[in-house]
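Trainee: the following comprises the amino acid sequence and a computationally predicted model.
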Amino acid sequence: MTRYGGRKAVVLDGTTGLGLAVAKRLVEGGARVLLTGRARGGELAAAVACRALRILAGG
């Protein structure tokens, strides 16, 4: 899906919960996403999850 293809997004507190769900949806749609969050180590886990989605989506 390329609903957000070529777009960039910043997701605040995107390492857990609703923020992470939004980030994943944006990545699935083809957007490049910058994540921020307060959870120590959460940024890396969220980035890995989103990168895996991007690979699966063919992006």
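Mentor: Thanks, I have the structure now.
Trainee: name the element the residue nearest the centre of the chain belongs to?
Mentor: For the chain, Ala23 is the residue whose C-alpha lies nearest the centre (C-alpha atoms, centre = their mean; 3.4 Å). According to DSSP states H and E, Ala23 maps onto helix 17-28.
Trainee: against which helices or strands is the following helix or strand past that helix packed?
Mentor: With elements assigned by DSSP H and E, the helix or strand that comes after helix 17-28 is strand 32-35. Other helices and strands packing on strand 32-35, by 3 or more C-beta pairs under 8 Å, 6 or more residues apart in numbering; DSSP states H and E, are strand 8-11, helix 17-28, helix 42-56. In this view, the C-beta of every residue, glycine as well, is placed from N, C-alpha and C.
Trainee: mind listing what strand 32-35 pairs with, with the direction of each?
Mentor: According to DSSP bridges, strand 32-35 forms sheet pairs with strand 8-11 (parallel).
Trainee: same question for the partner strand, mean pLDDT?
Mentor: Confidence over strand 8-11 (mean pLDDT, whole number) is 90.
Trainee: residues of it that come out buried?
Mentor: Ala9, Val11 (16 or more other C-beta atoms under 10 Å).
Trainee: contact partners of that strand?
Mentor: Gly19, Val22, Ala23, Leu26, Ala31, Arg32, Val33, Leu34, Leu35, Thr36 (C-beta atoms under 8 Å, 6 or more residues apart in numbering).
Trainee: returning to what we had before: which among the helices and strands packed on strand 32-35 is found nearest to Thr2?
Mentor: Ranking those by proximity to Thr2 (C-beta to C-beta) places helix 17-28 first, at 10.0 Å.
Trainee: just confirm Ala45 contacts Leu20, I think it does.
Mentor: No. Judged on C-beta atoms under 8 Å, Ala45 makes no contact with Leu20 at a distance of 9.0 Å.
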